[in-house]
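Q: this is a predicted model, with the sequence first.
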There are 4 protein chains.
Amino acid sequence: MYSHCEDGGWILGNLIDGTQAEYVRIPHADNSLYAVPPGADEAALVMLSDILPTGFECGVQNGRVEPGQTVAIVGAGPIGLSALMTARLYSPAEIIMIDLDDNRLEVSRRFGATKVINSRDGKAAATVMDMTQKRGVDVAIEAVGVADTFELCQAIVAPGGHIANIGVHGKSVEFHLERLWSQNITLTTRLVDTAATPMLLKMVMAKTLKPELLITHRFALDDMMKAYETFGNAAREHTLKVLISAGA
Amino acid sequence: MYSHCEDGGWILGNLIDGTQAEYVRIPHADNSLYAVPPGADEAALVMLSDILPTGFECGVQNGRVEPGQTVAIVGAGPIGLSALMTARLYSPAEIIMIDLDDNRLEVSRRFGATKVINSRDGKAAATVMDMTQKRGVDVAIEAVGVADTFELCQAIVAPGGHIANIGVHGKSVEFHLERLWSQNITLTTRLVDTAATPMLLKMVMAKTLKPELLITHRFALDDMMKAYETFGNAAREHTLKVLISAGA
Amino acid sequence: MYSHCEDGGWILGNLIDGTQAEYVRIPHADNSLYAVPPGADEAALVMLSDILPTGFECGVQNGRVEPGQTVAIVGAGPIGLSALMTARLYSPAEIIMIDLDDNRLEVSRRFGATKVINSRDGKAAATVMDMTQKRGVDVAIEAVGVADTFELCQAIVAPGGHIANIGVHGKSVEFHLERLWSQNITLTTRLVDTAATPMLLKMVMAKTLKPELLITHRFALDDMMKAYETFGNAAREHTLKVLISAGA
Amino acid sequence: MYSHCEDGGWILGNLIDGTQAEYVRIPHADNSLYAVPPGADEAALVMLSDILPTGFECGVQNGRVEPGQTVAIVGAGPIGLSALMTARLYSPAEIIMIDLDDNRLEVSRRFGATKVINSRDGKAAATVMDMTQKRGVDVAIEAVGVADTFELCQAIVAPGGHIANIGVHGKSVEFHLERLWSQNITLTTRLVDTAATPMLLKMVMAKTLKPELLITHRFALDDMMKAYETFGNAAREHTLKVLISAGA
C-alpha cells in the first residue's frame, strides 16, 4: 500500500512541488522509478504516471470487474475513460458510461462503452435499472467526486455488487444504509498506489492499452498557460488530457 | 449469496410467520435445512440459526479479520459478542469492545476481548486512537445500527482497513468521503447468508465455539411473554439471549 | 465443488449412460439444468455442456490468468482451444500454443494465439524459454494428459507461476520437486464443476464467446458411426468437434 | 515474492557465508532488516529469521488453513512444529501430526496437535483415512522432503484439498495424476519469502506465538561444534533447535 507509506505516499505536487519542470528531484527514487523501455511512446507513459493506474486500481481492481459482468462508470473524463479502457481487460459483457457531456459520451463509445447515458434529465438511475432488467449493475465506478454521482452509484448497484469510488470528494455524502445494510455490497476508496504500473507498462508496450489516445492537445513547456486554459475549458475545447513537452 | 436468492432469502419472520411455534413448515426445505448431529447441544444450535452466522459472516468474514490485527467491535449485544467469539478464530492481536453498558463490557472480557471501552463519555474514538498509536484499527465492526456507531467506525478505521456493517439501520448516515476517499478503506454490508453454517456447526460440535454461553435465560413456550419482557429489559436483567423450549 | 458432490458429480456417461439419445433422464435435474435462453444458438450451447467450462475452469480459472501475463497452452485440441478462447477474457499479453499438429496450430492462430510452437522437434521448452527472456511463463496449461506434456509444463513455468492440469492422465508422472520445491509454484487439478456455466452462457448469448467455431463437422443421429469415425481420424479430417443432431 | 528477487533472494548461507559470526555484512540491508523492538526476547526472534516464517508461509498460508478444517502435518521437526504452531492461528478443528519419532510426537501434543500418528508401521495413510471418515484431510503439509512423505500427502488429501510442500527435496517424486487429475487439489511449493515477518513479529511481541519453545539447547559461540553435534544427534538428544549466543 505505497499510497499510505509512512514516509512516502503522495509527495509530488502535494507535499512538495510537482514535476512540471525541466529537472526534478524524486524522493525515494531508488524504490519508486521505472526505467523507460527502449522504443516506448513517451506520451503514452505520461498517462501511466497517474490517470491510468488511478482508473485501473481504484476503479477496476477495487471494483473486481469480471468477465460477463455489467459495469457502470459515472463520469467520462480522463479518469473515467481510463477505468473504461482497463475494465475491458476483464471482458465485462456491458460497460455503461454516464456523463453530462455528449462529446465525452461519444468518445466513450469509441473507447468501447457498450451503452451511454446522458444524465442531464435526472433519469440515469431509472435508465440503468431498465437496461439491467431491474437488477442493477455488478460494479458501479464513481469517477467524479460529488454527492449526486455517489448517490447514483448507490441507486444502481445490484445486491452483491461493488461501488468503487475514485472521485476526490470535498464534502461528506449521504449513505443509504437504511436500504443498503442488507444488500451485500462492497464499497471501496483508494488513493492510487501505482502498484499496477509494471503490469500496465507491459500492456502499453504490447499496444494492448493505448492511453496516448487520451491526449487531445499538445503544448511546448513555454505554452503552459495555454495548456491550462485548454484544460480549463474542457467542454468547449473537447479536451481530455493535454501534453506538455520540454523539447523544442 | 442465499440471502438474495430471487425465490428465497429471508422468508421466515419476514415474508411469512417465524418459528416460535410447535410445528413449522419450512419453504425450500430440501436445500436449506441441516441435520442435527447426534449428541449435539440443541441450545447451542439455536444460536446457529441466526446470530452466530450473522456475527461471523457480516462482521468477521466481511471484515477479513487476520492473525495479528487490531479489531474493534462497536456494540456488545449478542450479535457483537458473536462477532467477538468468531473473530478469535483468526487470532487477532487485539479485540477492542465498545458499548454503553458496563455489564456487557464485563461479559465481553470473559468472551475474550483484550480491551473494553465504555463510550458514554463520547471519547471512544480518541481512546481507540490512543490505544493504537494514532494508527486506528484494521477492522471496525458495526453491530448496533445507528448513526453514532457508524460514525465511530469511520473515525477509527486505519488506512487500508475494513468497516464491516452488521447493524440494521433505519436511517441514512453521513459518510465522510471528504476524508475517506483517499484512505483505501473497504466497507461492506450483508444480510446473513448462513453459508458458514456447516463450518460453524463443525466447530460447535468440537466445542471450539460455545454459543450456548450467550443464553442467559430459559423459558417454556407457555412463558413466552415473560421471555419477551426479559429480552425487552436487557440492561436491567443482564439479558443476552433468551431460550424458549417447546418441551415440558 | 459440484464435481465432488457426494451424491452427484460426474454421473452421465460415467456411472450411467450418457446423452447420445433422443430422450434422457437427468438425475438431480432440479439443481443441475439451465434453461436455454430464447434466440440461443443451440450448437454453441452443446459446447457449453463440457469442453468450454472444462477449458475455462480447470485451465484459465485454476491457472489464475491475469492481464499482461504470458500463458502457454500445451495441446491445441478442442479443450486446449477452449482454454485459449477463455484465457483471452483476461487479456494476457502472450498466449503460446504448443502442439504436434500444424493444422491445429494454424487454427490456434485464428483463435487468438500470439505464438505457436510445433513440439515435434523436442525443443519446445527451449523455444519457450527463448521467447520469454529465460523467465518462463506465468501460467502453463496442460491439455493433453500424458507424461511428456506434463514434463514440458514443469520445464517452462516461471518462479511464482501456475501449472493448471486439465488432461486426463492414465499413469503417474515424474514431478521435479528437486528443482520446483523452491520455485513458489502452484499446481492444480480439477474435474470440471460447471460452476462457470451461467457466466459462460451470458458471454455466449452476447457473442463475446463463439464456441460454435469449434464445430467442424455436423451429422444426423443416424450417422453417428460416421461421426465417431471423423472424430477418430481427427488429424486427417481436421476435426475439432463433431455435432450430432437429433432432428431430420 | 522476495525469494525470487532477481538481485536478492536466498543469499546468506547460500551464495555467500551465513551469519554464524560475531559481525556480518547484510546485502540489501536497507530493505531487508527489521528493528528489534524494545523488550523483545532475542532468542524468540532468532526463530523468526527462518523456521517460523518457513512453516507459516510455505505450510500454513500456502495450504490456506481455515477455521474448522482438518490439517495433517507430515514431519514433527522444528519446521513441522512451526507449521503446527502457526496453523493454530486459524483455528482448524483437527491437527494430525505424523512422524517416526515418539518424542517429537509427544512434543507435538504439547504444541497443540489434536492427534498424533507414528508412521513407523507404514499404516499412516490408512489411519488418517479412518480418522476422517474416509474423507481425507483439507490440508496436508509436507515438512520432510523425501519421496515417502510426499507420497503420504497425496494419499490423504481430500477432494478440493491442498498439499503444501515445505520440504527440500533432493530427488524427483512420483506424482499420482492418474488419480489426482480429477480431485480438484492444489499443490504448492515455496522458498520462504519472509513476507510474513512483520505479522509474526507482532504476535511474538504479544506472546500469542512463543517460538522460543522450539529451543531445546543453548551454547556459547565457542562451543559451536558441540552445538552441531547435539543438532546432529537430534533423536538421541531430543533436540529441536539449538541456540548459539555470541555473549559470554
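A: That came in fine, so what should we check first?

Q: how about the residues of chain A that lie near chain B?
A: A:1, A:3-4, A:10, A:145, A:150, A:159-160, A:165, A:167-178, A:180-191, A:193 (CB under 8 Å from any CB of the partner chain). To be clear about C-beta, it is placed using only N, CA and C from the backbone, and glycine gets the same treatment.

Q: and the strands in chain A, which stretches?
A: All strands of chain A, identified by DSSP state E, fall at A:70-74, A:94-99, A:115-118, A:137-142, A:157-165, A:173-175, A:186-188, A:215-220, A:241-245.

Q: distance of the residue lying closest to A:Met1 once chain neighbours are set aside from D:Ser182?
A: Nearest residue to A:Met1, sequence neighbours excluded (CB to CB, 6 or more residues apart in numbering or on different chains): B:Gly160, at 5.1 Å. Per CB to CB, to the nearest Å, B:Gly160 is found 40 Å from D:Ser182.

Q: which one's more surrounded, the two?
A: D:Ser182 (21 against 16; other CB atoms under 10 Å in any protein chain shown).

Q: isn't that one up against C:Asn14?
A: No. D:Ser182 lies out of contact with C:Asn14 (CB atoms under 8 Å); the separation is 10.4 Å.

Q: re the thing from before, can you turn the buried part of the residues of chain A next to chain B into a ChimeraX selection?
A: To isolate the buried ones among the residues of chain A next to chain B in ChimeraX, judged by 16 or more other CB atoms under 10 Å in any protein chain shown, type:
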select /A:3,4,145,150,159,160,165,167,169,172,173,175,176,177,180,181,182,183,184,185,186,187,188,189,190,191,193
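
Q: rewinding a little: wait, the residue nearest to A:Met1 sits on B:Ser182?
A: No. The criterion here is CB under 8 Å, and B:Gly160 misses it with B:Ser182 at 11.4 Å.

Q: B:Glu66 versus the residue nearest to A:Met1, what's the distance?
A: Counting by CB to CB, the gap from B:Gly160 to B:Glu66 is 12 Å.

Q: common neighbours of the two, please.
A: B:Asp138 (CB atoms under 8 Å, 6 or more residues apart in numbering or on different chains).

Q: from the middle of its chain, how far away would stretch A:196-215 be?
A: 14 Å (CA atoms, centre = their mean, to the nearest Å).

Q: now it: average pLDDT?
A: Across stretch A:196-215, pLDDT averages out at 93.

Q: and what of stretch A:106-124?
A: Stretch A:106-124 shows a mean pLDDT of 97.

Q: pretty sure A:Thr194 contacts A:Phe56?
A: No. Applying CB under 8 Å as the test, A:Thr194 and A:Phe56 come out as separate, 9.9 Å apart.

Q: give me the more crowded residue out of the two.
A: Between A:Thr194 and A:Phe56, A:Phe56 has the larger neighbour count (other CB under 10 Å), namely 27 against 19.

Q: quick one: contacts for the more buried one?
A: Contacts for A:Phe56 (CB under 8 Å, 6+ apart) come out as A:Ser82, A:Ala83, A:Thr86, A:Ala196, A:Leu200.

Q: out of those residues, the closest to chain B would be?
A: Ranked by distance to chain B (CB to the nearest CB), the contacts of A:Phe56 are led by A:Ala196 at 13.9 Å.
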